[in-house]
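Enquirer: compute the structure for the input listed below.
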Amino acid sequence: MAQTLSTLGRRTPTILTVPGLGGSGPAHWQTLWEQGRTDTIRADLGSLSAPRRNAWVTRLDQSIRTARAPVILAAHSLGCLAVAWWAALAGQTWGWPVAGALLVAPPDVDRHDVREELRDFGPSPRLLLPFPSILVASTDDPYACIQRSFDMARDWGSHFVDAGPLGHLNAASGLGWWSEGQALLDRVVGVAADPVAHAGGPADVMAALAAGERQPRRH
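Expert: Numbers count the residues shown, from 1 in each chain. The predicted structure follows:
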């Protein structure tokens, strides 16, 4: 039986942010969440300007193992690829210690003109993540077209949310606290805690995530 927040006494999850290339500055939603929420901390990935896949995955694993479980990941950009690679290599059982993830604007590391700093994370893993997840993408993200973002969501078994034309969904997008992202994060936490959603495995989890759909604000 899958362990969930419900079966484990509704423990308050740790929200672990996973930054992308260069980290998240003071106006980035990840930083604002870390400052405004008592349950949120940042994963220490080491070098953020010269990322290496194996080093990031190792550091992410350390952050997950030392955080108070259950863990909900809130990843942005290249951090999403670190999460996918961690899932591919860590061998976690369904839903524990990572109980869910919000994956925001993963870059397309398989494109022929991918930035040199991102090449070590390709090819993108193509496997179902062992936890409920929502992938949020923008229609005008310079690092991944919307179809490629949809394909990554399909590969990872993530519920897909089209956020509209919001660039790379970072500080430059003017998201601020990003209340829509908070609502999506809350949806992941809710589904992770619902034993009914887990009863039939990943298919039921996907249905539960979709059932909670609330269209993000269009711009």
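Enquirer: where does the protein have its least confident helix or strand?
Expert: helix 195-198 (a mean of 74; mean pLDDT, DSSP states H and E).
Enquirer: just checking, what packs against that helix?
Expert: Counting contacts by 3 or more C-beta pairs under 8 Å, 6 or more residues apart in numbering; DSSP states H and E, helix 195-198 packs against helix 202-211. For every residue, glycine as well, the C-beta is placed using N, CA and C.
Enquirer: need the contact partners of the helix it packs on.
Expert: Residues outside helix 202-211 that contact it (C-beta atoms under 8 Å, 6 or more residues apart in numbering) are 94, 128, 132, 134, 157, 159, 187-188, 191, 194, 196-198.
Enquirer: one more time with 6 Å, if that's ok
Expert: Residues external to helix 202-211 that are found in contact with it (C-beta atoms under 6 Å, 6 or more residues apart in numbering): 132, 157, 159, 191, 197.
Enquirer: count of neighbours near the closest residue to the third one other than its chain neighbours?
Expert: Meaning His159. Spatial nearest neighbour of His159, excluding adjacent residues (C-beta to C-beta, 6 or more residues apart in numbering): Leu209 at 3.9 Å. Residues contacting Leu209 under the criterion other C-beta atoms under 10 Å number 23.
Enquirer: Ala137 pairs with what?
Expert: Ala137 has the following beta-bridge partners by DSSP bridges: Asp162.
Enquirer: would you mind measuring from it to His168?
Expert: Computed as C-beta to C-beta, to the nearest Å, the Ala137 to His168 distance reads 10 Å.
Enquirer: do the same with Ala88
Expert: 24 Å.
Enquirer: so which of these two has more stuff around it?
Expert: Residue environment comparison for Ala88 versus His168 gives the larger neighbour count to His168, 20 against 14, counting by other C-beta under 10 Å.
Enquirer: quick one: pLDDT of Gln215?
Expert: Looking at Gln215, its pLDDT stands at 43.
Enquirer: farthest pair within the contacts of helix 202-211?
Expert: Taking C-beta to C-beta, the two most distant members of these are Gly157 and Ala197; they sit 13.6 Å apart.
Enquirer: look at those two and report which has more neighbours.
Expert: Neighbours were counted for Gly157 and for Ala197 using other C-beta under 10 Å; Ala197 has more, 23 against 18.
Enquirer: ok, the more buried one touching Val188?
Expert: No - contact status for Ala197 versus Val188: not in contact, 11.0 Å apart, counting by C-beta atoms under 6 Å.
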